[in-house]
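predicted model, plus sequence, below.
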Amino acid sequence: MRVATFNINGIKARRPRLDEWLAATRPDVACLQEIKTDRFPAEEYEADGWQVLWVGQKGFNGVAILSRHPLEEVARALPGDADDTQARWLEARVAGLHVACLYLPNGNPAPGPKFDYKLGWMARLAARARDLLAGEAPTLLAGDWNVCPTDADVARPEAMADDALCLPQTREAFRAILAQGWTDALRARFPHETVYTYWDYQAGAWARNWGLRIDHLLLSPAAADRMQDAGVDRDLRAADKASDHVAAWVELSPA
DNA sequence: ATGGTCGGGAACCGA
């Protein structure tokens, strides 16, 4: 059972790359972020055998879950703020798993209202994550977290020190969630290696390997017990018309 | 220190 997360940075521009990747890697569940549309082509994926959940908005944000197995919607928004209309959260049950697909706010510039929104969103996420750990099902929190957990996850930490992805408050909020009992799948699989999931379009970041690790899969204890492998589909970044993110994934043993 | 590049959608905002 493979569960993957991929910030595609626009379904319209990324359709060819996304479809190639789905065909080549055949994930059981694919969590997508930044679909950037209020018109996701769900019917086309359904015609191709996928079950689809999505929540979108025009131009920005937006998340989707594609699944080869029956997919039951649990939530279309992160609890805790009825006034938050940004499309950043989907939660579903699939194949005995509980899966959340998340697009955590970027938060730049910091300080400022966008950073305040990020920290507030992370506080709501921490509350939801704690509730999910109390549930029965093995659970995954997969998505673009817009958090570099440590300087080992940043190619140029000095250049990123004041960035909302790296600030101490951001890292502390992430650590607090991990400390509830979640496993950072990629870091568990690669304890000492450099692993990036994002390279900026600017300044030749890909060619210089100026990357960040900001796409994460957090596993509940029951899910972590079933982890057989984890990885990053790094070659995605080298393609023409690539997203600035690549896909990350975990392989879980059968229940 | 600055500006560098994309996507969405039609002038800039977001990243």
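Nice, thanks for sending it over.

isn't there a helix covering A:Trp21?
Yes. Counting by DSSP: H, G, I helix; E, B strand; the rest coil, A:Trp21 is part of a helix.

need the contact list for it.
A:Phe6, A:Asp233, A:Leu236, A:Ala247 (Cβ atoms under 8 Å, 6 or more residues apart in numbering). Bear in mind the C-beta positions are built from the backbone N, C-alpha and C, glycine included.

of these, closest to DNA strand B?
The shortest gap between DNA strand B and any of the contacts of A:Trp21 belongs to A:Leu236, at 12.6 Å (Cβ to the nearest atom of the strand).

ok but the closest one is inside a strand, no?
No. Using three-state DSSP, the assignment for A:Leu236 is helix, not a strand.

residue contacts, it?
A:Phe6, A:Arg17, A:Trp21, A:Ala242, A:Ser243, A:Val246, A:Ala247.

the fifth one: what secondary structure?
Okay, so that is A:Ser243. A:Ser243 falls in the coil class when you classify it by three-state DSSP.

could you report the neighbour count for it?
Using other Cβ atoms under 10 Å, A:Ser243 has 24 other residues around it.

next one: phi and psi at A:Phe6?
Reported as degrees, to the nearest 10, the phi and psi values for A:Phe6 are phi -150, psi 110.

so which of the contacts of A:Leu236 wins on neighbours?
In the contacts of A:Leu236, the most neighbours by other Cβ under 10 Å go to A:Phe6, 31 neighbours.

not counting sequence-adjacent ones, nearest residue to the residue of the stretch 1-150 of chain A found nearest DNA strand B?
Distances between the stretch 1-150 of chain A and DNA strand B by Cβ to the nearest atom of the strand are smallest at A:Gly10, namely 2.2 Å. Closest residue in space to A:Gly10, ignoring its immediate chain neighbours: A:Lys36 at 4.5 Å, by Cβ to Cβ, 6 or more residues apart in numbering.

what strand or helix carries that neighbour?
Element membership of A:Lys36, judged by DSSP states H and E, is empty: it is in no helix or strand.

that one against A:Phe60, yeah?
Yes. Between A:Lys36 and A:Phe60 there is a contact under Cβ atoms under 8 Å: 6.1 Å.

what stretches of chain A score poorly on pLDDT?
Chain A contains no residues with pLDDT under 70.

residue numbers of it in contact with DNA strand B?
A:9-14, A:36-38, A:58-61, A:105-106, A:108, A:114, A:146, A:201-203, A:241 (Cβ under 7 Å from any atom of the strand).

separate out the buried members of these.
When the residues of chain A next to DNA strand B are checked for burial by 16 or more other Cβ atoms under 10 Å, the buried set is A:Asn9, A:Gly10, A:Ile11, A:Arg14, A:Lys36, A:Thr37, A:Asn61, A:Pro105, A:Asn106, A:Asn146.
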